[in-house]
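**Q** sequence unknown, structure follows:
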């Protein structure tokens, strides 16, 4: 493992705050503070806001003193000081607040910048405390996601608090049954009583036997979230015989009746439970009056690596190295590396002391981002050659970026640009029209969308233009402005972006476009220099054309001069474009036109590849998609199209593929095309089956953990019957679909144990998507979570994948799989 990987692995919190400072920040948020909440209509409300004890949400008390959730920490995108949101600007316009209070105002933006909580503090000091505290919480959550640290005692305690309806600090059996619904699992009365009694280890009287305190609840949770598949892995690599493994598994008898689809001998993972510190109940030893075995120690040490309890439920450092080298394909890992990994991940003191890793340690190790299904090095590092012409790259591209909802109605907002840029988008779009007061505006013409000024959008873009990626940002500007307001557009572009705006070519003479590396931190205008259907006249030519104008009066020279490497031109035919157009000429196609290319008879169906080899090509959704639905971008990527433009506000399959595709190469928004899409003499055809680099992927969908309910609703009393749907995307022959059986009434830890294989003929352009769905017994299914990755970025062996909601936010859910890839 190299130094960069170790640095990512060992860093848990890169903030510069001391532990005391962190504690003070969080304590400050937990103290209840009164803010004035401003709404879009100008109304104001005095509310008491505070961070809940679980530290995962901001709540408030309303006028009726009822407690309500304002937003979850995991949903917060940004915290901004001052009057920066549409709500504040509306209130300023209406005179509901004055500029002299900007130093006390701040906004919490959440749900992908779709919503804002706009608050006014009593003082600048209080505002600063809350901004700093919230930014620390956001930072901590994102770092915890990498290690899956959110599945912790704190998260469990938040569930405990929600189930503890009478606030007694304990759960009775009725409250435990409600908790099981929150955990997305259904058990019968016999099973509930059995797990309840096993977890209730410190009961000394009948009253205590009826309730679980917090520590006992965590033991209860560990019983029901048992991972038998990890026991099998450990037994496989620690030299256990089949008889020893069977005996070890048979010792775990508690969960023998748990609802698994294809059970791997399934007794409870007692090794994952710990002997917890005593709280309100008194410790005892031996059997209590009810005949139940009580804990014999109050130590925090985990029995998972205690040799006297089980001799075969751990791996030595040498066995762990063998597992990593043989199964996980970490060929160069040393004994010293393995020792360091054990120190980091093994939670028990005894395991660390004897250099052993037990079931808890192995689980934590396999859940870390570095060892999940997506290759973390490819996700965090820019490793593609970035010095080739920019036409050689796929570019993450947004369509009508200013629209928040459908193409027909709703607000145009700068927040959609900020969201797109923060997710790696490198080409945004705005439709520009004349404003009544001389200021250009952006909106969707002939619709009920509400306009916004171009200047407001440009200012928002400037704040985030290079926050995620250093590579060039394209502004696709559909210009419908008058001559005068085009001059205003040019002035705003220059004033806002200053020296980052590309205002002249890097070289005076060029026959190919510069590279992303050459254009780092540059903003590039992509638009027309001349009216549609007209081209500039060549003064050296005696040939004239009725559709040529030397200097069309309708286009302002200040604006036209900014269009350098991405001048949009009309398309006539492939031969005309290739023979006459310059490398800086760019072409846009509506999806129907691009589909005509693809559906043409051979060899004309390859014209799109030829075109995108020399020119920047953009394909965008047709006008029929008024609901902001998306094109399938994979169809166009396989033909070399650089800019497959998507509606980023739509949480659909296309956006899942987009995020899965561009997570590669450090998420910088640029991906180098495969070599066969860059050659003039390539024989590549997306409609043919290519065997040269074909691969066979063998997938074993083993189990799931903490699957969310539909729409992540904790109030849904229905328990999931989950199954996994696996889809591959790429060239035509690489589209496949498989699914596991469903598991009844278990979204907590279902076991599918489902094996299959898929042959992929063009791995370089293949994506694989895993989607967990809840099967309705009356037909149909509902979405629970998903993950999508490039085929070439998959890590082999036993891997977890962390599930996302449709909006791209992580859930607590994971899937555990085994991956093997072979040459065909």
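**A** In hand now; what should we look at? Treat the numbers as computed from the prediction; the structure is a model and nothing was measured.

**Q** how about low-confidence regions in the stretch 701-824 of the chain?
**A** Scanning the stretch 701-824 of the chain for pLDDT under 70 picks out the ranges 711-717.

**Q** mind listing the strands for it?
**A** 722-729, 736-739, 751-760, 767-775, 781-790, 797-804, 810-823 (DSSP state E, counting those that start in this stretch).

**Q** those strands into CSV, with extra columns for mean neighbour count and distance to residue 435?
**A** (Glycine included, C-beta is placed from N, CA and C.) Shown next, in CSV, are the strands of the stretch 701-824 of the chain (neighbours: other C-beta atoms under 10 Å; distance: least, C-beta to C-beta, whole Å):
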stretch, mean neighbour count, distance to residue 435
strand 722-729, 22, 42
strand 736-739, 15, 49
strand 751-760, 18, 51
strand 767-775, 22, 42
strand 781-790, 22, 40
strand 797-804, 21, 39
strand 810-823, 19, 40
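
**Q** can you add distance to residue 614 and give those back as TSV?
**A** Formatted as TSV, the strands of the stretch 701-824 of the chain follow (distance: least, C-beta to C-beta, whole Å):
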stretch	distance to residue 614
strand 722-729	26
strand 736-739	33
strand 751-760	29
strand 767-775	26
strand 781-790	26
strand 797-804	37
strand 810-823	34
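
**Q** indicate which one of these is closest to residue 326.
**A** Nearest of the strands of the stretch 701-824 of the chain to residue 326, taken as C-beta to C-beta: strand 797-804 at 8.7 Å.

**Q** mind listing what residue 782 touches?
**A** By C-beta atoms under 8 Å, 6 or more residues apart in numbering, the contact list for residue 782 reads 710, 773-774, 776.

**Q** got these as a markdown table, with distance to residue 180 columns?
**A** Converted to a markdown table, the contacts of residue 782 look like this (distance: C-beta to C-beta, whole Å):
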| residue | distance to residue 180 |
| --- | --- |
| 710 | 17 |
| 773 | 21 |
| 774 | 16 |
| 776 | 20 |
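
**Q** between the residues you listed, which is closest to residue 574?
**A** For these, the residue nearest residue 574 by C-beta to C-beta is residue 773; the value is 42.7 Å.

**Q** run through the bridge partners of the closest residue in space to that closest one that isn't next to it in sequence.
**A** Take residue 773 and drop its neighbours on the chain: the residue closest to it by C-beta to C-beta, 6 or more residues apart in numbering is residue 781, 4.2 Å away. Beta-bridge partners recorded for residue 781 (DSSP bridges): residue 775.

**Q** surely residue 781 is in contact with residue 774?
**A** Yes. Contact criterion C-beta atoms under 8 Å: residue 781 and residue 774 qualify, at 6.0 Å.

**Q** ok, now which ones touch the residue nearest to residue 773?
**A** Shown in contact with residue 781 (C-beta under 8 Å, 6+ apart): 723, 773-775.

**Q** and the gap between it and residue 77?
**A** Between residue 781 and residue 77 the computed distance is 30 Å (C-beta to C-beta, to the nearest Å).

**Q** longest helix of the protein?
**A** helix 124-147 (DSSP state H).

**Q** re the thing from before, and which of the contacts of residue 782 is nearest to residue 685?
**A** Nearest to residue 685 among these: residue 773, at 34.2 Å, using C-beta to C-beta.

**Q** which one of the strands of the stretch 701-824 of the chain lies nearest to residue 158?
**A** Evaluated over the strands of the stretch 701-824 of the chain, closeness to residue 158 peaks at strand 810-823, with 11.1 Å, by C-beta to C-beta.

**Q** how deep is residue 30 tucked in, by neighbour count?
**A** Using other C-beta atoms under 10 Å, residue 30 has 14 neighbouring residues.

**Q** where do the helices of the stretch 451-600 of the chain begin and end?
**A** For the stretch 451-600 of the chain, applying DSSP state H, counting those that start in this stretch gives helices covering 454-464, 483-497, 557-560, 574-580, 591-599.

**Q** from those helices, which stretch is densest packed?
**A** Of all those, helix 454-464 carries the top mean neighbour count, a mean of 20, counting by mean count of other C-beta atoms under 10 Å.
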